[in-house]
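Asks: Everything below, folded, please.
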Amino acid sequence: MLVISISTIHHGTKEQVQNLINRIYEAIVKNGRIFITVPDFESSKKWNTFKDHEEIPEGTFAPLSGPEKGLPHSFFTKEEAQKLFSKFKNLQLNLDDHGRWIAQASK
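Replies: The predicted structure is shown next:
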C-alpha cells in the first residue's frame, strides 16, 4: 500500500493535519509507504496568496482574498514536520525547490 498526498494534506489546522496523518498510519498495512508533502513555514512568507491573511491558530493561515479565500493552510518547520511523521519508520524528509517538505516513510 502506498499513500500519496502532494500539496493537499496541509489544508486544515495543524491539529487536523496531525489527526489525519495519525489516521493514515493506522489505516496502512505493515510496511505500507507514504509520500506526503507539507509546506515549509519559511516558504509561507514568499507566497503571494498570503500577502493578506489571518492567522487562525499559530502556523495556520487563511488568505483574505483570491480563490482560496478562507481556506486554512498549515505550514511546518522541519522539527514540526518530523513530529508529524514520528510514528513512521525510515523517515526521509527533504525540502524541495517549491518550499515543501517531502516525507517518505514506511509503517
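Asks: contacts and neighbour counts: CA atoms only from here.
Replies: Noted.
Asks: Would you mind checking which helix or strand in this structure has the lowest mean pLDDT?
Replies: The helix or strand of the chain with the poorest confidence is strand 53-55; it has a mean of 89 (mean pLDDT, DSSP states H and E).
Asks: Direction included, what does that one pair against?
Replies: strand 60-63 (antiparallel) (DSSP bridges).
Asks: Give me the contact list for whichever helix or strand comes after the partner strand.
Replies: For strand 60-63, the following helix or strand on the C-terminal side (DSSP states H and E) is strand 73-74. Here strand 73-74 makes contact (CA atoms under 8 Å, 6 or more residues apart in numbering) with H10, H11, G12, T13, K14, P39, G59, T60, F61, A62.
Asks: So in that sheet, which strands flank strand 73-74, and in what orientation?
Replies: As assigned by DSSP bridges, strand 73-74 forms pairs with strand 60-63 (antiparallel).
Asks: how far does the partner strand sit from the chain's center?
Replies: Taking the mean of its C-alpha atoms, strand 60-63 sits 13 Å from the chain's own mean (CA atoms, centre = their mean, to the nearest Å).
Asks: what comes into contact with it?
Replies: If you take CA under 8 Å, 6+ apart as the criterion, strand 60-63 is touched by 12-14, 49-56, 68-75.
Asks: where do the helices sit along the chain?
Replies: Assigned by DSSP state H, the helices in the chain fall at 14-27, 78-84.
Asks: can you put the ones you listed in TSV and add mean pLDDT, distance to M1 and mean neighbour count?
Replies: What follows is those, written out as TSV (pLDDT from 0 to 100; distance: least, CA to CA, whole Å; neighbours: other CA atoms under 10 Å):
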stretch	mean pLDDT	distance to M1	mean neighbour count
helix 14-27	97	10	15
helix 78-84	97	20	16
